[in-house]
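Asks: got a predicted structure plus its sequence, pasted below:
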Amino acid sequence: MKSPFAIPFVGLKLGLHEFEFDIDKSFFESLPYSLIENGRLTAYLELEKKETMLIANLGVIGFIFTDCDRCTEPLTQEIDGEFTLYYTFGEEESEDENLIVIAPESYQIDITQPLYELISLSLPAKMVHEEGECNEEMVALISKYQQTSTDSKPDEDDIDPRWSALKNLN
């Protein structure tokens, strides 16, 4: 089955070419180990064809649907990112993650994996609701069971004497 994210570059003239793709749940379902399950995004590809290489400027904007890391309620996370990939022809492997070497007989590039990586890299480290939007019951439970910073510090009397001796080494 032909991927909707495969770009045949053989018939393209030298110069800039623009493509636009809609990304939805089926995109993430087609990836076997995707951590993202659903979203509505638009991907943009500006492909510059040159004699010996292709320059792909990828951009993605939209939303993914996930759960809040704090309260576990549904969350709509905004995504906005871009990066550039360089495709060159050859047989050797590239150690640069932004340089992809494709076989000389290739006639298309598939941007499925680069798009997924761009979306993943555009995610924040912690996906949480805006202040005040989390489920109040869950926030109250977290507060109830969370250790305060004063509870987590051991008393001076509780420190092992072998460690205390190390303080005097100067």
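Replies: Received the coordinates, thanks. Residues are numbered from 1 along each chain as shown.

Asks: can you report how many residues lie near Glu18?
Replies: Using other CB atoms under 10 Å, Glu18 is surrounded by 9 other residues. All C-beta atoms are positioned from the backbone trio N, CA, C, and that covers glycine.

Asks: isn't it up against Ala56?
Replies: No. Using CB atoms under 8 Å, Glu18 is not in contact with Ala56; the gap is 11.3 Å.

Asks: tell me which residues touch Thr84, please.
Replies: Neighbour list for Thr84: Ile55, Ala56, Asn57, Leu58, Asn98 [criterion: CB atoms under 8 Å, 6 or more residues apart in numbering].

Asks: may I see the ChimeraX selection of the buried members of those residues?
Replies: In ChimeraX syntax, the buried subset of the contacts of Thr84 is picked out as below (16 or more other CB atoms under 10 Å):
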select :56,58
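
Asks: name the helix or strand of this protein that has the lowest mean pLDDT.
Replies: helix 149-152 (a mean of 52; mean pLDDT, DSSP states H and E).

Asks: please enumerate the helices of this structure.
Replies: Counting by DSSP state H, one finds helices in the chain at the ranges 25-29, 112-121, 136-145, 149-152, 161-166.

Asks: quick one, which of these gets closest to Cys68.
Replies: helix 136-145 (8.6 Å; CB to CB).

Asks: list the contacts of that closest one.
Replies: Here helix 136-145 has contacts from Arg70, Cys71, Thr72, Glu73, using CB under 8 Å, 6+ apart.

Asks: who touches both of Glu18 and Ala56?
Replies: Leu45, Glu46, Leu47.

Asks: restricted to strands, list those residues.
Replies: Judged by DSSP state E, the subset of the shared contacts of Glu18 and Ala56 located in strands is Leu45, Glu46, Leu47.

Asks: give the contact list for the residue nearest to the last one when sequence neighbours are not counted.
Replies: Read that as Leu47. Spatial nearest neighbour of Leu47, excluding adjacent residues (CB to CB, 6 or more residues apart in numbering): His17 at 4.7 Å. Contacts of His17 were listed using CB under 8 Å, 6+ apart, and they are Glu46, Leu47, Glu48, Lys49.

Asks: quick one: which of those has the most company?
Replies: Neighbour counts for those (other CB under 10 Å) peak at Leu47, which has 21 neighbours.

Asks: that residue contacts Gly15, doesn't it?
Replies: No. Using CB under 8 Å, Leu47 is not in contact with Gly15, being 9.5 Å away.

Asks: before we move on, the earlier item: by neighbour count, which of the contacts of helix 136-145 wins?
Replies: These, ranked by neighbours (other CB under 10 Å): first place Cys71, 19 neighbours.
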